[in-house]
Each structure stands twice: as C-alpha cells, then as structure tokens.
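>>> after the sequence you'll find the predicted model.
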Amino acid sequence: MEQKKVVMDADGIDRSLTRIAYEILEKNKGTEELCLVGIRTGGVFLAERLKKKLTSIEGVDLPVGILDITLYRDDLRLANKKPMLGKTDIPFSLDNRKVVLVDDVLFTGRTIRAAMDALIDFGRPQLIQLAVLIDRGHRELPIRADFVGKNLPSSLWESVVVKLMEKNGVDEVVIEDDNQ
Amino acid sequence: MKLTNKDILGIKELSVDEINLILDTAASFIEVSTREIKKVPTLRGKTVVNLFFEASTRTRTSFEIAGKRLSADTINISATTSSVVKGETLIDTARNLEAMNPDAIVIRHSAAGAPHMLARMVKQSIINAGDGAHEHPTQALLDMMTIKEKKGTVSGLKVAIVGDIAHSRVARSNIYGLTKMGSQVIVAGPAMMIPRDIARMGVTVYNNLAEAIKDVDIVMMLRIQLERQQQNIFPSLREYSSYFCLNRHNIKLAKEDVLVMHPGPINRGIEISPDIADGPYSIILDQVTNGVAVRMALLYLLIGGQR
C-alpha cells in the first residue's frame, strides 16, 4: 500500500520559484547573455515559469530551450523499456551564453551529466548553472545544484514526484513510499 | 513502447502502433541533423553493416549518415567489390559477417525475400533496404513521415501512385503503409505495368493520369526504369512521357494544396517535368532529409540499448 505525503503545496512551489528567480539574477548580476534550458519532461514547465518571473522582475525577455536527454543517457543498454524520445528544441546559439539548466528533481545526477554532454554538443556556453525544485540527495556523480527550491532528504525506496498544473492539473510535490 | 520484431523487413509486418512509434521517434531525430555537431553518443560502440547488392545513392548514404550521426561504426559493403564476385553465396556472406558480431545489417538485394532469409539465419537485426520488387520499408516510412509533417496526418488522404507499379517495391510498401494508416490509395500506369490483381491490396486502379490524380492530396511519381525499355514493356520513353508525365498542366487536376513526391532518382522530363520536380508543390528533397531521420529512428529503436 502506497503512502503519499505532500511536502510542498502550490504556494510553496511558487515562493521557491520566485526565490530561485531572484537568486539567478543575483548570482549572474542581471540577465545579460542568460538563457534557460528545461530538461524534459519535468524541467520544461518549470523553465517556462522561471522565465516569466525573470521577465517580470527585469523587464527583459529571455530565451528558453527544451532539452531531451534520452540519446545521452548512460543506461540505455540496461533499460528494459526504451524511454520515449522527445523533441529537443534550442532555437538559439549557446555559444558564450550563461545557461541555467532547469529540472524538477535532482537525484543521482546522471540526468544532469547527460544534459551537460548534450549542451556541449550544441555549442560552447560561457557557463552552466543548475536550478532544481527539489534536491533529494543520493548523488552517484559529483554534481551539485546552484539553485535549490527545497532540500528533501529521502530514502531510496521512496519516490519524489513533482506535479505541475500544466501536466498533472495540480501543483504539489509528493513523496511516496514504495514499500508496503 | 518498442518494436515487436528484431528486424524491419517490410511494412506488411508492422502494426499501426509500431509505424506511429517510428514516425514519432523520427520526428525527434530531425533536430540532430541541424546542429553544429551532428552527433549523439547513443549507438557508441555499436556496429552497423550496410550490405548493398544493388546500386544506390540515397538509401546507402542515408543509412551511413544515420549510423554515423548516432556514433555507430558503419561499414559499407557493395557486392561488386566483395567476395560475391568470387562466387560467395549470400548465406555464407551473412554467416561470415555474423561471426564478426555486428549489431545490425542493412541489406539491399535484387532477390525478394533475401532480407527475410537473413533474419531467420543470423541473430543480428536486419533492415530491408529494398528486396527486388517486393518491399522498401524505410522508403515508405520516410514518405509517410514527410506526408505527416506536411499534412498533419497520414490518414484520410487521397494518394495517387503513378508509374511502373509492377516493378516498384516503393509502391508496394507505400500501399501497405498508407492503407494501414487509413488513407485512400490510387495507382495508375500503363496496363502492362499494373499487376493484375493489385486491387486486392485495397487500391483503386486507373490507366490514365488525369483520372488518377483528380482531387488527390498527394501525387507520388515513380521512376520509369530506363533499363526496362529493352523489355518491350512500352513503345518508347516519349510515348510514356506524353501519357504519364506529371507537368504544370495536369497537376491542376489535383487539389490546390497537392504535394508531389518521388523516391528518386528522377528522370527529368520522363515521368516528371523539371518545373514540377523543382517547383513549389514538390517535397522530394524533404523526403531525402526525413530519410536520414527515419533511419536514425530505426537504428535507435532496434539496437539502441538492450532488446
């Protein structure tokens, strides 16, 4: 029997994103050369929301790209079911840009490793930073986030799911116990 | 979702779900070919052998580029420079290749069923790049992908395929594919180029171009195989052309937003006039671009990761 606990509600998510937006602006001293790249599928809508917040604070438009990392995964050999390949759409040059990667949950770090390999194939960014809504620990690679919504220590048998209005009809972060 | 078989031998064996999976996956691969660095590491360490017993520009290059853009090691073997000229049989060629442990073998052969025999014999994934006059599944898939890209769907359309249907593997695969996906297929050509019972495949048959392309969404012209002129199938290229060449006059019989396709290579002025081939209705070069994406998708689905 699954036990579900809501660890972040809609207001909490919104406040975290607002804080992350301000932190991005503080660390990068503005929006010059800045761009956002959302990692499919969790990071895409979060990147869009961050862009809106950044634009409303600074009054400047920011390019947003979508990155699908399926082709760069290190576990394709082992995956039983092949993940569905989604479209990557980065309609601007990454050369000399400050790229903020956006994802919903940071876990082992392998997704971010794949994302960085993909970005390097697109061009040579000036720097890459990482913004995540939830950091749940259990890193398997030396990867860390620059901007974190909430630190959520979790057990390996739990799953952390970020639900968003755009795809799930509700804004909330739940932690589910996969044990009986 | 994944493909049920280890091989791609024909459209006949593919389900509608599998075709949609291939088309959707291919759509996501288009972008790789537009980047500065046109490579992804997905098939790193995999080996793809392109075994071509018939001449080819498009298909072979397309498969080679597809494999290389996925970081696979691609090897091209053309029969004329292989031990086939010393009399080595297809079975032995296949077994010897299998012993070198490739991951996929792409084969084009003049004998229908050659890829199917290979698929039974070796454990590698076999992709049919054209077997005699039987099937050319990757061509039909890229045709359907191009149609879907331009028209939004592959069902509910009226498609006319015109030319030497009897000798065309492209026609056969497209007929299987388009009817499976819910489109209406019309075939047209001189009577001696239309197989006798082809209506049983679910197509409507015409013997003249005007009736065939009336109000169609897509016109697919097939190459008149010049070498067949020797076989007395038609009196002369000029006569064929006067009855069946698609030009700016007869194209008006089709729908206003008609699209013109051709698997290539085109014979300018014989089955298609140069201004139609190069004109605004033509999506012939889009077909070629999508060919790379479709072949990348097939290699990824077949040998990317574990089966």
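Everything's here; your move. Residues are numbered from 1 along each chain as shown, chains lettered A, B, ... in the order given.
>>> what average pLDDT does the helix or strand containing B:Leu302 get?
Per DSSP states H and E, B:Leu302 falls inside helix B:284-303. Helix B:284-303 comes out with an average pLDDT of 97.
>>> distance from the chain centre to it, please.
When distances are taken as CA atoms, centre = their mean, to the nearest Å, helix B:284-303 is centred 11 Å away from the chain's centroid.
>>> quick one: buried residues of that helix?
Buried residues in helix B:284-303, defined by neighbour count with 16 or more other CB atoms under 10 Å in any protein chain shown: B:284, B:286-303. C-beta: built from backbone N, CA, C; applies to glycine.
>>> centroid residue for chain A?
Most central in chain A under CA atoms, centre = their mean is A:Asp103, positioned 0.8 Å from the mean C-alpha point.
>>> what number of residues lie near the residue of chain A found nearest chain B?
Proximity of chain A to chain B (CB to the nearest CB) peaks at A:Leu76, 3.7 Å away. A:Leu76 has 18 neighbours, counted by other CB atoms under 10 Å in any protein chain shown.
>>> so it sits in a strand?
No. Counting by DSSP: H, G, I helix; E, B strand; the rest coil, A:Leu76 falls outside a strand, being coil.
>>> excluding chain neighbours, what is closest to it?
Of all residues beyond its chain neighbours, the one nearest A:Leu76 is B:Gly305 (3.7 Å), with distances taken as CB to CB, 6 or more residues apart in numbering or on different chains.
>>> that older thread, which elements pack onto the helix holding B:Leu302?
Judged by 3 or more CB pairs under 8 Å, 6 or more residues apart in numbering or on different chains; DSSP states H and E, helix B:284-303 is in contact with helix B:16-29, helix B:58-69, strand B:104-109, strand B:125-131, helix B:137-151, strand B:259-261.
>>> state the number of residues packed around A:Phe122.
Around A:Phe122 there are 21 residues (other CB under 10 Å).
>>> host element of residue 50?
All of this is about chain A. Using DSSP H and E, A:Leu50 sits in helix A:42-58.
>>> please go with chain B instead
Under the criterion DSSP H and E, the helix or strand holding B:Asn50 is strand B:47-52.
>>> you'd agree B:Val292 is up against B:Ile65?
Yes. Here B:Val292 reaches B:Ile65: they are 5.4 Å apart, a contact under CB atoms under 8 Å.
>>> what about chain A, any weak spots by pLDDT?
Along chain A, segments meeting pLDDT under 70 span A:1-2, A:79-81, A:180.
>>> where do the strands of it begin and end?
Listed in chain order, the strands of chain A (DSSP state E) span A:3-8, A:34-39, A:64-67, A:98-106, A:127-135, A:147-151, A:158-163, A:172-177.
>>> and the helix holding A:Leu50, anywhere near chain B?
No. Using CB under 8 Å from any CB of the partner chain, helix A:42-58 never reaches chain B; the gap is at least 14.2 Å.
>>> could you check the angle that helix makes with strand A:34-39?
160 degrees (axes from the mean of the first three to the mean of the last three CA atoms, to 10 degrees).
>>> helix A:42-58 packs against which elements?
Applying 3+ CB pairs under 8 Å, 6+ apart, we find helix A:42-58 packed against helix A:10-28, strand A:34-39, strand A:64-67, strand A:98-106, strand A:127-135, helix A:165-168.
>>> and with 6 Å instead?
helix A:10-28, strand A:34-39, strand A:64-67, strand A:98-106 (3 or more CB pairs under 6 Å, 6 or more residues apart in numbering or on different chains; DSSP states H and E).
>>> the third one near chain B anywhere?
Okay, so that is strand A:64-67. No. Between strand A:64-67 and chain B, judged by CB under 6 Å from any CB of the partner chain, nothing touches; the nearest distance is 10.2 Å.
>>> spell out which parts of chain A neighbour chain B.
Contact residues, chain A versus chain B (CB under 6 Å from any CB): A:Leu71, A:Leu76, A:Arg77, A:Ala79, A:Lys82, A:Leu85, A:Lys87, A:Thr88, A:Asp121.
>>> ranking those residues by neighbours, who comes first?
Most surrounded of these: other CB under 10 Å gives A:Leu71, at 25 neighbours.
>>> I'd assumed B:Leu43 was in contact with it.
No. If you go by CB atoms under 6 Å, A:Leu71 and B:Leu43 don't touch, sitting 9.2 Å apart.
>>> where in the stretch 1-150 of chain B is pLDDT low?
Using pLDDT under 70, nothing in the stretch 1-150 of chain B is flagged.
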